[in-house]
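Peer 1: Would you be able to build a 3D model of this:
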Amino acid sequence: MSKIGIMGGTFNPIHMAHLILAESAYEQLQLDKILIMPSKKPPHKLHDPIASDHHRIEMVKLAIKGNPHFELSTMELEREGITYTADTLQQLTKEYPENEYYFILGLDSLQQIEKWKTPDIIFHLAHIVAAGRYHFPKERIEGQVHRLEEIYHGKIHLLEIPNMDLSSEMLREHVKMGKSIRYYVPSSVEEYIREHGLYKD
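Peer 2: Residues are numbered from 1 along each chain as shown. This is a model prediction of the structure:
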């Protein structure tokens, strides 16, 4: 049975915190590979300005080039309608039942997961992998993890990872204001954004 990580997000644009989180999950949980999976229309970002599917795919390709255990997946982009994690996990489990799935997210998303569509299905079909501790007290995080595992009979793994207060929204604002995003994103992604005039408006 292969252990497959899933790193979802709009990746608008993909940045270093995404990549460090995915690499940390790969290493600490000894996964076989990570699917980097751009989402089409996440329910919490329906009104956000999102670069085209094509541009986001190209930026992911550039960001993960040279990493043999990262793989682009366009599964969510190919599915119509709003993107729900539970639907993705059901599709993956149906098409590739031989795999064990590890869904990677930020600690802020873990705090909201009970508001997601059918969280019981998510916990049933995948291990949950959450980033470091951010600004939350250790006791609060461990209490939340224990509570969720009890309710949903699932497994949550907390990664040892540095705090990274970095967001795609912040980077889009930097570009709009003419500020540098060097070192926040891979240099190839920075060049792509500049060449294609993304996030100017």
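Peer 1: what number of residues lie near Leu92?
Peer 2: Neighbour count for Leu92, taken as other C-beta atoms under 10 Å: 21. (Each C-beta comes from the backbone N, C-alpha and C, glycine too.)
Peer 1: could you say what helices and strands the strand or helix carrying it packs with?
Peer 2: If you go by DSSP states H and E, Leu92 is part of helix 85-95. On a contact count with 3 or more C-beta pairs under 8 Å, 6 or more residues apart in numbering; DSSP states H and E, helix 85-95 meets strand 2-9, helix 75-78, strand 99-105, helix 119-125.
Peer 1: Go again with 10 Å.
Peer 2: strand 2-9, strand 33-38, helix 75-78, strand 99-105, helix 119-125, strand 126-130 (3 or more C-beta pairs under 10 Å, 6 or more residues apart in numbering; DSSP states H and E).
Peer 1: Quick check: buried residues in that helix?
Peer 2: Buried positions in helix 85-95, judged by neighbour count with 16 or more other C-beta atoms under 10 Å: 85-90, 92-93.
Peer 1: what is the orientation angle of it with strand 2-9?
Peer 2: When axes from the mean of the first three to the mean of the last three C-alpha atoms, to 10 degrees is applied, the directions of helix 85-95 and strand 2-9 differ by 150 degrees.
Peer 1: ok so, going back, of all the helices and strands packed on helix 85-95, which one is nearest His153?
Peer 2: Comparing the helices and strands packed on helix 85-95 by their distance to His153 (C-beta to C-beta), the top pick is helix 119-125, with 6.9 Å.
Peer 1: and for that closest one, what are the contacting residues?
Peer 2: 84-90, 92-93, 100-101, 103, 112-114, 116, 118, 128, 148-149, 151-156 (C-beta atoms under 10 Å, 6 or more residues apart in numbering).
Peer 1: Can you spell out which residues form a bridge with the residue lying closest to Leu105 once chain neighbours are set aside?
Peer 2: With C-beta to C-beta, 6 or more residues apart in numbering as the criterion, Leu105 has its nearest non-adjacent residue at 6.0 Å, and that residue is Ala130. Per DSSP bridges, the residues bridged to Ala130 are Leu105, Leu158.
Peer 1: Hmm, Gln112 and Ala130 touching each other?
Peer 2: No. Counting by C-beta atoms under 10 Å, Ala130 stays clear of Gln112, with 11.6 Å between them.
Peer 1: starting at the chain centroid, how far to stretch 144-164?
Peer 2: Taking C-alpha atoms, centre = their mean, to the nearest Å, one finds the center of stretch 144-164 at 16 Å from the center of the full chain.
Peer 1: Just the buried residues of it, please?
Peer 2: So for stretch 144-164, counting by 16+ other C-beta under 10 Å, buried means 144-145, 148, 152, 154, 156, 158-159, 161, 164.
Peer 1: Inside helices: which ones of the residues you listed?
Peer 2: 144-145, 148, 152 (DSSP state H).
Peer 1: what packs against the host helix or strand of Val60?
Peer 2: Using DSSP H and E, Val60 sits within helix 53-64. Counting contacts by 3+ C-beta pairs under 10 Å, 6+ apart, helix 53-64 is packed against strand 2-9, helix 16-28, strand 33-38, strand 70-72, helix 75-78, helix 187-196.
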